[in-house]
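Peer 1: A structural model of the following input is requested.
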Amino acid sequence: PKKRKDLRIRVSFAVVALVLAKIASVSTPLVLGGAVNSLTELSSGVNLFMLVPIALIVGYGVTTIIAFTFVQVRDALFSKVSQHSIRQISLNMFKHLHALSLQFHLDRQTGALAKYIDRGTKGIDFLLRYVLFNVLPTFFEIFLVSGILFYLYGPWYAIITLTTISLYSYLTFQITEWRNEFRKRMNQADNDISTKMIDSLLNYETVKYFNNEKFEFNRLDESLENYELAANQSRHSLSLLNVAQTFIIMLGITIMLVMSAYGIKSGDIDVGGFVVINAYMFQLYQPLNWLGSVYREIRQALTDMENMFWKANSFDADITSWDTSSLSNSEDMFVDAFAWLAKFERKDGDVLTRNGPPSVWHWTWTQVGDDIDGDASGDYSGYSVSMSSDGTRVAIGAYSNDGTGSYSGHTRVYSLGAFLGTP
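Peer 2: A predicted model of the protein is given here:
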């Protein structure tokens, strides 16, 4: 926020701590390699008194502690920023829900809505923390380490490092995309469980009045079974991902260590270089080990945030909350929480019938299905339009239709399932 200079200062210091942590982290393997080299000759010179080896070993410990300390300082500084963001968004969302119409709350799905808000706020914290301070710095470190290996030991070590990390990342993204389907099923089942459980308890008297407990139990058990199946599939696919990741990274490390062994034999690389190469690869492998989880969680966080903002959002028919620059003044709209749009044209206060039939549109205003015509001219088909909360059904009223008597009117309900691929 512009008025919170203290938060801006915290972000600046957090970035500084991040840079210092990476510098210390990249320096650690070099110090360790120097310590190993100093231990190879202890019979003469300064090394006879163990001064250099001990100093380098102590330096290795100190740089490791410094790197870890700056990471914790970074997290501590940024914690107040992320928690303030969560607090503000949660409060604004709560205010927004209280400002919505009675109809929204009468059609509520309390359990699912609570889940969406909880996950959405946590998703914001995850994105702020991991994207800014974990994902981007990790890829920066990869290129930095590749440059160091290129400078110290030659281009092939840098090429193998980048190739290994690229294959590792590609495989991780592909398997994670496949696993996302299982995660979606888990989340859907979890939402269903919360919705059915909480709404059933909120309507405890109604359930008891109609002696409907068994029906509620069966509904809940169906969602629990779906969650169990999706959770097992997610666990099995995670095991496959872990095995594939370990295979690729260890293949790259093994190739580089074999090359360094031949380099030691030829005199191109010392023993300390062997240790440095191994340490750098394992140092890169540790954060990349969570790459699949982080990628999946980023996707999930974006989805949760979108669900939170849209599930809890509703617009009245006056369309003041929408950009209507592309619409004429003669058009009126009804928009529901999922950005579905039922549009019909007006002329001189009257609804056109065959010349301006109601039609159903979706976000970015792509028409779904054909125009829905009334029975006859003058029946005022489209005078009232309503849509279900999930956007799959639309009800269109024609109050002047004479099909069953003078001005008896009718309302027809149309399903969009055939166009949306839903029941």
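Peer 1: Scan this structure for its longest helix.
Peer 2: For the chain, the helix with the greatest residue count under DSSP state H is helix 213-266.
Peer 1: and that helix, what does it pack onto?
Peer 2: helix 155-202, helix 271-288 (3 or more Cβ pairs under 8 Å, 6 or more residues apart in numbering; DSSP states H and E). The C-beta positions use only the backbone N, C-alpha and C, and glycine is treated the same way.
Peer 1: now the strands for this protein?
Peer 2: 331-335, 341-347, 350-351, 359-362, 366-367, 381-387, 393-398, 410-415 (DSSP state E).
Peer 1: The residue lying closest to residue 279 once chain neighbours are set aside: neighbouring residues, count only.
Peer 2: Leaving aside its sequence neighbours, residue 279 sits nearest to residue 29 (Cβ to Cβ, 6 or more residues apart in numbering; 3.7 Å). Using other Cβ atoms under 10 Å, residue 29 has 23 other residues around it.
Peer 1: Might you report the residue contacts of residue 29?
Peer 2: Residues counted as contacts of residue 29 (Cβ atoms under 8 Å, 6 or more residues apart in numbering) are 275-276, 279-280, 283.
Peer 1: let's go with 6 Å and repeat that
Peer 2: Neighbour list for residue 29: 276, 279-280 [criterion: Cβ atoms under 6 Å, 6 or more residues apart in numbering].
Peer 1: Quick check on the nearest residue to residue 263 once chain neighbours are set aside: phi, psi?
Peer 2: Nearest residue to residue 263, sequence neighbours excluded (Cβ to Cβ, 6+ apart): residue 269, at 3.5 Å. Here is the backbone geometry of residue 269 (degrees, to the nearest 10): phi -130, psi 140.
Peer 1: all numbers from here: first residue = 508
Peer 2: Will do, 508 is the new start, and the previous item becomes residue 776.
Peer 1: Kindly calculate the angle that the longest helix of the chain makes with helix 778-795.
Peer 2: Helix 720-773 runs at 160 degrees relative to helix 778-795, counting by axes from the mean of the first three to the mean of the last three Cα atoms, to 10 degrees.
Peer 1: mind checking how far helix 720-773 is from the chain centre?
Peer 2: Relative to its parent chain, helix 720-773 has a centroid offset of 19 Å by Cα atoms, centre = their mean, to the nearest Å.
Peer 1: rewinding a little: the residue nearest to residue 770 and residue 671: what is the separation?
Peer 2: Applying Cβ to Cβ, to the nearest Å, the value for residue 776 to residue 671 is 19 Å.
Peer 1: cool, residue 707 as well?
Peer 2: Residue 707 sits at a distance of 52 Å from residue 671 (criterion: Cβ to Cβ).
Peer 1: Between those two, tell me which one has more neighbours.
Peer 2: More crowded of residue 707 and residue 671, by other Cβ under 10 Å: residue 671, with 22 against 19.
Peer 1: contacting residues for the more buried one?
Peer 2: By Cβ under 6 Å, 6+ apart, the residues touching residue 671 are residue 759.
Peer 1: how much space is there between it and residue 789?
Peer 2: Per Cβ to Cβ, residue 671 is found 12 Å from residue 789.
Peer 1: do the same with residue 676
Peer 2: 17 Å.
Peer 1: out of the two, which sits in the busier spot?
Peer 2: More crowded of residue 676 and residue 789, by other Cβ under 10 Å: residue 676, with 18 against 12.
Peer 1: separation between the closest residue to residue 720 other than its chain neighbours and residue 702?
Peer 2: What sits nearest to residue 720 in space, not counting adjacent residues and going by Cβ to Cβ, 6+ apart, is residue 714, at 6.2 Å. Using Cβ to Cβ, we find residue 714 at a distance of 15 Å from residue 702.
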